[in-house]
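This is a predicted model, with the sequence first.
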Amino acid sequence: MSTIVRPVWAGKPKPVVLALKALAIVMILAVILFPFLIVVSTSVSTAEDVTAAGGYVVWPKSFTLDAYQQILAGGVVTRAILVTLFVTVVGTLISLVCTVSAAWALSRRSFFQRPVLMIVLATFLFTPGLIPLYLMVKQLGLLDNVWALILPGAFSVFNMVVVRGFMMGIPQELIDSAKIDGAGEFRILGMIVLPLSRAVIAVVALFYAVGYWNAFFNALLYINDTSKWTLQLVLRTYVLQGSSLVGGASDASVLPPAESLQMAVVLIAIVPILIAYPLVQRHLTKGVLTGAVKG
């Protein structure tokens, strides 16, 4: 009887290899989680703990939410959160409508499909540049307007290609049978294509939402009014540059330490993304890989 020889990668790993893999995973987790622990601990520490630790606390001796109460009691951080939520929600919806519509149109075989697709893909090679884009936004009257944070980046060719590839994998027989039953393009898109494309749409929605939530350069470029700043721009200005988050306070001694305020803003900025990723994790691999390989 012949012995079946398995390749090295298909065999059972040795205990030493398993131990090294476990050690590597633990080290990676420590590198990732240790800074996060410092952010959380510093944000809930008292002034005495921050002073004793020399600025940033690894493990707080006392627990307080004064920093969060201070930055959420009103003012620049609260307005920034509301602006960022509006930009993220409305921008993601607009981007999904544009992306899905373009992907569906370019996934159907027609005389104009290939020329239009080539024109769209050409934007990968030829970008407008910063100055022309700024001049266009200025001519449209969008300076100091929150729509300047949405409309210039409302459409991503990469995301459209991913969605288009997924839609091209939908069996043509389903589309033909719907047309025989008298369904139009919008009904086919709404009742057949979108339900079948939930995985890739969830992934693309996550990409857009993360992009809108984390973007600060557009706000830095187009927004001068501080009441319209996004959370990331506030984070950059007040945390990285060390400016005060609660300027104008009558008694600075009763305020939480600056490090606690800064870390509280950092935590508020990253927690929504940490929550969003697990919600669409099961769609991530299926949506991206299927959409990227097909078509």
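Yep, that arrived. Residues are numbered from 1 along each chain as shown.

Give me the pLDDT value at Lys12.
On pLDDT, Lys12 comes in at 74.

Can you name the residues that contact it?
If a contact means CB atoms under 8 Å, 6 or more residues apart in numbering, then Lys12 has no contacts. Backbone N, C-alpha and C define where each C-beta goes, glycine included.

That one and Gly182: what is the separation?
Separation of Lys12 from Gly182 (CB to CB, to the nearest Å) stands at 58 Å.

how about Pro132, what does it touch?
Pro132 neighbours (CB under 8 Å, 6+ apart): none.

Quick check: which element contains it?
Assessed by DSSP states H and E, Pro132 sits inside helix 130-139.

Specify the next element, helix or strand, located C-terminal of that helix.
By DSSP H and E, the next helix or strand past helix 130-139 is helix 157-168.

What residues sit buried inside that next one?
Of the residues in helix 157-168, Asn159, Met160, Val161, Val162, Val163, Arg164, Gly165, Phe166, Met167, Met168 count as buried by neighbour count, 16 or more other CB atoms under 10 Å.

What separation do you get for the last one and Pro132?
Using CB to CB, we find Met168 at a distance of 33 Å from Pro132.

From Phe155, how far off is Val161?
Applying CB to CB, the value for Val161 to Phe155 is 12 Å.

The spatially closest residue to Tyr68 that is not a sequence neighbour: neighbour count?
What sits nearest to Tyr68 in space, not counting adjacent residues and going by CB to CB, 6 or more residues apart in numbering, is Ala264, at 5.2 Å. For Ala264, the count of nearby residues is 27 (other CB atoms under 10 Å).

what do you get for Leu140?
Counted with other CB under 10 Å, residues neighbouring Leu140 total 13.

Next: the one 3 residues further on.
Leu143 has 15 neighbouring residues, counting by other CB under 10 Å.

Tell me if I'm right that it and Tyr222 touch.
Yes. Between Leu143 and Tyr222 there is a contact under CB atoms under 8 Å: 5.6 Å.

so what sits against both of those two?
Common neighbours of Leu143 and Tyr222, using CB under 8 Å, 6+ apart, are Val137.

pLDDT below threshold where in this protein?
Applying pLDDT under 70 to the chain picks out residues 1-11, 74, 111, 239-254, 280-295.

Show me where it has its helices.
With DSSP state H as the criterion, the chain has helices at 15-43, 47-53, 66-72, 76-107, 113-121, 130-139, 157-168, 172-180, 185-188, 194-196, 198-214, 217-222, 231-234, 258-293.

what about the shortest one, distance to the chain center?
On the basis of CA atoms, centre = their mean, to the nearest Å, helix 194-196 sits 23 Å off its chain's mean C-alpha point.

Then the fourth one?
The chain centre lies 11 Å from the centre of helix 76-107; the measure is CA atoms, centre = their mean.

Same question for it: list its buried residues.
Neighbour counts over helix 76-107 (16+ other CB under 10 Å) mark 76-77, 79-81, 83-84, 87-88, 90-92, 94-96, 99-100, 102-107 as buried.

Give me the packing partners of that helix, helices and strands only.
helix 66-72, helix 113-121, helix 157-168, helix 198-214, helix 231-234, helix 258-293 (3 or more CB pairs under 8 Å, 6 or more residues apart in numbering; DSSP states H and E).

try it again with 10 Å
Applying 3 or more CB pairs under 10 Å, 6 or more residues apart in numbering; DSSP states H and E, one finds that helix 76-107 contacts helix 66-72, helix 113-121, helix 157-168, helix 185-188, helix 198-214, helix 217-222, helix 231-234, helix 258-293.
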